[in-house]
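# this one's structure only:
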């Protein structure tokens, strides 16, 4: 599909230009509200105007620590100015400076007096328990907090240090580790950009590398250590800017496909965050030039490019433009789309829109990843069929602005690079990007956006057939694997799970298939598209019945009518070994007490969260701390006042490929209830 669009973009889109724009953006320190953030936004505004956008508009909103949009409080603006950390006793040593390593100052860290602060450094280990601070002279001094990998651990340790009176924090924390390439020991020089809670008063803080932290720990083992910190950082009432560039559609200009990326970034250089807006500028340039040259007919719908401060701009836009969201067919979220893959051990990843917002966009994007021309020829026939750029499809992942939009029902897949050895550290400079990767991402994303923007009923038909074919393949593979496991001791359980998952997938995929009908509305062939949708749905149910019949005798599961109108359905609401918690999960329905973006794992203490992760890992060793993010997001998104906690537990286990009982979702939901974000009612209430 869309081979003509790919060929067009090969002519008009330049990875070299995208890389140059990304390099320009990395010159600015882009914390929200900072002078560098505004300079970067002005650069992008000039670039998209020069690229030929039909319209460029700006909307501004306060960063004041008080105003709320879409349920999120806008933080205070913050900007670093200068910082140095030195050991002054037992002998002078320079530890780190902001001028050399801009990622060293965590966002919203406080300032020292103008002439600095000389204090004792106290080793509190990982700093995750009050016992780590007990009996130590922390009050009025600084603490050394060592890496503990789990993302929530940093803020918890920092808060404990603050509560115990620490005036400063030094840490070598490195989050989102990916062994063996990204660990604290394998990238010892990496200095992770961190964040403190956005408030007026915070301790001063420095993030350092592994070797620096080891040196400080060694000095502390030999005796007392005094450090001198000089930090000048501004916490202030500022503003964020949403920049919207539009290429107007020829027929349905109010409808749109939207790209989104953030002009804010973790630090300077932070090329991963710069790649998204840089590629959006290049896509705008390629589209507008092709239209101007007559090589591309102006698409029916508008294509829009929204440049935001990450998360904050999306919250503002969703709050202020809610009435127009139904006209947005998809939001394509771009982040680190230009990584040099060999150096950073990365791949481009197409993260699907979540199952809570089933959409054809997920499978259509995956089809383009698979089928569009690649980079290298096959020796026996001219034509680029061999990929030199790795590109992978994975389930929904809330790394960026995508998780804001899906909560409001807008399909929002994400394209970014992962793994990333240098993620949000000073090491990720622009020379670690690659024009070839920019081009591969740009051709795929550009073809997808233009394909949707120009689509009518016949295009919708082709898209629905693509979703149906992928759905049939998923079901077939699922049943194949269950049959292959039939001789094992766990064979019946595998078959039972396959039953439930196959029914779940068909129900989801039929909804995704039908979502393409929005492209046919008002088209003379719309009735034909609707008829095709009905036939394809029936065919999928028939395929489901056929595949489940192959499982007969492999599972003790009962047969019951499927929700989609035929076939068999496996009730997994009793996944938790028939326990009372499972019974509770099957009758309790979470109802959101507020609107807004997913709040994460709220209402649980750090110790309760750690216990939850350990319990989940006991049931499925593949669980990590990051797993909580996808589970919590989908719990929030699926909470529609109808689904029970057991229904949601089943859905997220299938969506992300885990085998977890419902009790873990109950724990997360009870935390949200404790935080006042959920009301949990009985099924018949």
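Alright, I've got the coordinates. This is a predicted model, so every value here is computed, not measured.
# my read: residue 415 touches residue 332, true?
Yes: Residue 415 is in contact with residue 332 according to C-beta atoms under 8 Å; the separation is 7.0 Å. From N, CA and C alone the C-beta is placed, and that goes for glycine too.
# can you tell me the average pLDDT over stretch 240-257?
Taken as a whole, stretch 240-257 has an average pLDDT of 98.
# and it, how far out from the chain's middle?
Centroid separation for stretch 240-257 versus its chain: 23 Å, with C-alpha atoms, centre = their mean, to the nearest Å.
# what touches both of residue 415 and residue 332?
residue 445 (C-beta atoms under 8 Å, 6 or more residues apart in numbering).
# which one's the longest strand in the chain?
Assignment by DSSP state E gives strand 77-89 as the longest strand of the chain.
# ends of stretch 445-464, how far apart?
19 Å (C-alpha to C-alpha, to the nearest Å).
# Can you list the buried residues in it?
445-457, 459-461, 463-464 (16 or more other C-beta atoms under 10 Å).
# coming back round to it: so what secondary structure elements neighbour the helix or strand that the longest strand of the chain is followed by?
Sequence order places strand 93-97 as the next helix or strand after strand 77-89, per DSSP states H and E. Packing contacts for strand 93-97, counted by 3 or more C-beta pairs under 8 Å, 6 or more residues apart in numbering; DSSP states H and E, involve strand 77-89, helix 210-222.
# which of these sits most buried?
strand 77-89 (a mean of 20; mean count of other C-beta atoms under 10 Å).
# relative to helix 210-222, how tilted is that strand?
40 degrees (axes from the mean of the first three to the mean of the last three C-alpha atoms, to 10 degrees).
# Please pull out the lowest mean pLDDT helix or strand from this protein.
The least trusted helix or strand in the chain, going by mean pLDDT, DSSP states H and E, turns out to be helix 580-587, with a mean of 83.
# how distant is the longest helix seen in the chain from the center of its chain?
If you go by DSSP state H, the chain has its longest helix at helix 457-484. How far helix 457-484 lies from its chain's middle: 26 Å, per C-alpha atoms, centre = their mean.
# what's the spacing between residue 474 and residue 212?
48 Å (C-beta to C-beta, to the nearest Å).
# actually residue 509, sorry about that
In terms of C-beta to C-beta, residue 509 sits 51 Å off from residue 212.
# per-residue confidence for residue 578?
On the pLDDT scale, residue 578 gets 47.
# show me what contacts the residue positioned nearest the centre of the chain?
Centroid check for the chain by C-alpha atoms, centre = their mean gives residue 399 as the closest residue, at 1.8 Å. Residue 399 sits next to 335, 351, 414, 416, 418 when contact means C-beta under 8 Å, 6+ apart.
# Which strand or helix spans it?
Going by DSSP H and E, residue 399 is not part of any helix or strand.
# What of residue 447?
Going by DSSP H and E, residue 447 is part of helix 435-454.
# Show the average pLDDT along that helix.
Mean predicted lDDT for helix 435-454 stands at 98.
# From the chain's centroid, how far away is it?
For helix 435-454 - counting by C-alpha atoms, centre = their mean - the centre lies 19 Å from the chain centre.
# and the angle from the longest strand of the chain to strand 93-97?
Going by the same axes, to 10 degrees, strand 77-89 makes 170 degrees with strand 93-97.
# which other helices and strands contact strand 77-89?
Partner elements for strand 77-89 (3+ C-beta pairs under 8 Å, 6+ apart): strand 93-97, strand 226-236.
# Just the mean pLDDT for the next helix or strand after the first one, thanks.
Along the chain past strand 93-97, the next helix or strand (assigned with DSSP H and E) turns out to be strand 117-123. Computed over strand 117-123, the mean pLDDT rounds to 98.
# strands paired with strand 117-123, and their directions?
Sheet pairing of strand 117-123 (DSSP bridges) gives strand 142-145 (parallel), strand 226-236 (antiparallel).
# What lies in contact with the longest one?
When you say that, I think you mean strand 226-236. Counting by C-beta under 8 Å, 6+ apart, 33, 76-89, 95, 105, 108-112, 114-121, 142, 168, 170, 199-200, 204-206 sit against strand 226-236.
# dump the residue contacts of residue 11.
290, 295.
# So it belongs to a helix, correct?
Yes: per DSSP: H, G, I helix; E, B strand; the rest coil, residue 11 lies within a helix segment.
# circling back: can the helices and strands packed on strand 77-89 go into JSON lines with extra columns for mean pLDDT, mean neighbour count and distance to residue 659?
Conversion of these to JSON lines gives the following (pLDDT from 0 to 100; neighbours: other C-beta atoms under 10 Å; distance: least, C-beta to C-beta, whole Å):
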{"stretch": "strand 93-97", "mean pLDDT": "98", "mean neighbour count": "17", "distance to residue 659": "44"}
{"stretch": "strand 226-236", "mean pLDDT": "98", "mean neighbour count": "20", "distance to residue 659": "45"}
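# which stretch among those comes nearest residue 432?
Residue 432 lies closest, by C-beta to C-beta, to one member of the helices and strands packed on strand 77-89: strand 93-97, at 21.3 Å.
# can you list the residues that contact that closest one?
Against strand 93-97 from outside (C-beta under 8 Å, 6+ apart): 83-87, 104, 170, 191, 206, 208-209, 212, 215-216, 227.
# Also stretch 12-23?
Contacts of stretch 12-23 (C-beta under 8 Å, 6+ apart): 47, 271, 274-275, 277-279, 281-283, 285-287, 289-290, 295, 338, 430, 433-439, 442-443, 446.
# shaky segments in the protein?
553-579, 684-685 (pLDDT under 70).
# What does the residue nearest to residue 491 when sequence neighbours are not counted show for phi and psi?
Closest residue to residue 491 apart from its sequence neighbours, by C-beta to C-beta, 6 or more residues apart in numbering: residue 485 at 5.1 Å. The phi/psi pair for residue 485 (degrees, to the nearest 10) reads phi -90, psi 0.
# Help me confirm that residue 485 comes into contact with residue 497.
No: using C-beta under 8 Å, residue 485 makes no contact with residue 497, being 10.0 Å away.
# Show me the strands in the stretch 301-450 of the chain, by range?
Here the stretch 301-450 of the chain has its strands, by DSSP state E, counting those that start in this stretch, at 301-308, 328-334, 347-351, 376-378, 381-386, 391-394, 414-418.
# Spit out the contact partners of residue 660.
575, 616, 619, 620, 623, 649, 653.
# is it fair to say it lies in a strand?
No: Residue 660: not assigned to a strand; according to three-state DSSP it is coil.
# Let me see the backbone angles for it.
Per degrees, to the nearest 10, the backbone of residue 660 is at phi -130, psi 140.
# Can you tell me how far it is from residue 604?
From residue 660 to residue 604 the distance is 17 Å (C-beta to C-beta).
# and if you look at residue 243?
From residue 243 to residue 604 the distance is 37 Å (C-beta to C-beta).
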